[in-house]
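Q: Any chance you can model this:
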Amino acid sequence: MDANGARELSNRLEAQQHWRQAAAVLRGEQSATDPDALEELREGLRRYGTETQETTMEGRPAVVTHRFCKRLRDERWEVTFEVERVEYFEDPAAQTS
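A: Model prediction:
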């Protein structure tokens, strides 16, 4: 195994150990492995990819980027979405001709 392979294996083992922090995983109430594509680990938090969508925030048109996360709460991993970035657009209705 080369250095890159060893690093990848080490990262996977760390991610699996992190996943098993949840008592619900150990009891078999949640999957034994995380089915999602993990990007980052933090204490009690697993961060995944982002999704961007056009929407309205605070009554203004915007593009909002959310990050898919899982937080360790009450002995299990719960899905949350964090707002990563908000970019507001000019509202065409507010412009005068």
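Q: Can you check the pLDDT for residue 89?
A: On pLDDT, residue 89 comes in at 86.
Q: quick one: it and residue 59, what's the gap?
A: From residue 89 over to residue 59 the distance is 12 Å, taken as CB to CB, to the nearest Å. (C-beta placed from N, C-alpha, C; glycine too.)
Q: Could you do residue 28 as well?
A: To residue 59, residue 28 is 46 Å away according to CB to CB.
Q: list the buried ones in the strand or helix carrying residue 82?
A: Taking DSSP states H and E as the definition, residue 82 sits inside strand 76-88. Of all the residues in strand 76-88, those buried under the rule 16 or more other CB atoms under 10 Å are residue 77.
Q: Just checking: what are the partner strands of it?
A: strand 60-73 (antiparallel) (DSSP bridges).
Q: ok, residues contacting the strand it pairs with?
A: With CB atoms under 8 Å, 6 or more residues apart in numbering as the test, strand 60-73 has contacts from 21-22, 34, 36, 44-57, 77-89, 91.
Q: hmm, try it at 6 Å
A: 21-22, 44-48, 50-52, 54-55, 77-82, 84-89, 91 (CB atoms under 6 Å, 6 or more residues apart in numbering).
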